[in-house]
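Engineer: could you look at this predicted model? Sequence included:
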Amino acid sequence: MLNIAVVDDEQVHRDILTKYISEWKETNFPDMNIEHYDSAEAFYFAWCGDQSCDIVFLDIVMGKTNGVSLARKLREKGKDMAIVFTTGIPDYMQEGYEVEAMHYLLKPLKREKVWECLEKCFQRKETERKRFLLPGEEGLVKVDVERILYAEAEGHYCVLKCMENRLHLKLGIRELEQKLGEWGDFMFCHRSYLVNVRRIARVGRQDIVMDDGTVVPVSRRLYNAVNERFIKTFIAL
């Protein structure tokens, strides 16, 4: 689910922007939720409740709290949502840099510009989703989740096997499972092995063959669960 907020104190601009986003949603990302607010205060109050917004389109010139002030408050909270300013006055570029705005959309809004902006924001979210940092032997290492094959417990730590290399991590395999849980489709096939289900080539009764030909064991207790997940994932793809 991708959550988008449109914040503008003029209904005509809210409606136009919501229309363009909805059109992009139909052909590019159906699993999207769009909310709209008529003031910075209304959005901030709602956002403080669940902080679920991924992209916010902010009108700069509003009433009591303008878009730049709201953006600063959001960044102070440390949130990394994509911020897009919408304005009829192209004089706020410096403020945009300060709050790491993704884009500026000048009014009157154009459909193709809104769509280009959504594509840029979506690609950034995909990049963030696929890569993250893990503690290695010599410091933090960047890992592409789609390139992970499996992890093997090694004492109190574990070894991460990727398509290109092996990484010795300074964390236990159970802790790694928790970190990977939100990034991909991982599950235990053995008490010492955590596999990326999307990288499984074949599931046997006693072992699993990964995409690179590597063979890892599967326990009798976990075989059915792994095989069912593998089938469901394959069908979903």
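Structural biologist: Perfect, thanks for sending it.

Engineer: tell me the SS of residue 15?
Structural biologist: Classification of residue 15 using DSSP: H, G, I helix; E, B strand; the rest coil returns helix.

Engineer: in this structure, which spans are helices?
Structural biologist: 11-28, 40-50, 67-76, 93-98, 111-130, 173-181, 223-236 (DSSP state H).

Engineer: may I ask which helix or strand of the protein has the lowest mean pLDDT?
Structural biologist: helix 93-98 (a mean of 59; mean pLDDT, DSSP states H and E).

Engineer: could you report the neighbour count for residue 63?
Structural biologist: 10 (other C-beta atoms under 10 Å). C-beta: built from backbone N, CA, C; applies to glycine.

Engineer: contacts only, for it.
Structural biologist: 9, 39, 40 (C-beta atoms under 8 Å, 6 or more residues apart in numbering).

Engineer: for residue 75, state which of those residues is nearest.
Structural biologist: Taking C-beta to C-beta as the measure, residue 75 sits nearest to residue 40 out of those, at 13.8 Å.

Engineer: if I look at the closest one, what pLDDT would I see?
Structural biologist: Note on residue 40: pLDDT of 94.

Engineer: that one: how many residues sit nearby?
Structural biologist: Neighbours of residue 40 (other C-beta under 10 Å): 24.

Engineer: so it sits against residue 68, correct?
Structural biologist: No: using C-beta atoms under 8 Å, residue 40 makes no contact with residue 68, being 9.7 Å away.

Engineer: may I have stretch 181-195 as CSV, with CA atoms only?
Structural biologist: The C-alpha coordinates for stretch 181-195 follow below in CSV (Å, rounded to 0.1, in the frame of the first residue of the first chain):
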residue,chain,number,x,y,z
GLY,A,181,10.7,-9.5,7.5
GLU,A,182,9.5,-6.1,6.2
TRP,A,183,11.7,-6.2,3.1
GLY,A,184,11.1,-9.5,1.4
ASP,A,185,9.7,-13.1,1.6
PHE,A,186,12.0,-14.9,4.0
MET,A,187,11.4,-17.9,6.2
PHE,A,188,13.3,-20.6,8.0
CYS,A,189,13.7,-24.0,6.2
HIS,A,190,15.9,-25.3,9.0
ARG,A,191,16.8,-24.1,12.4
SER,A,192,20.1,-22.8,11.1
TYR,A,193,18.9,-21.6,7.6
LEU,A,194,16.8,-18.6,6.6
VAL,A,195,15.9,-18.6,2.9
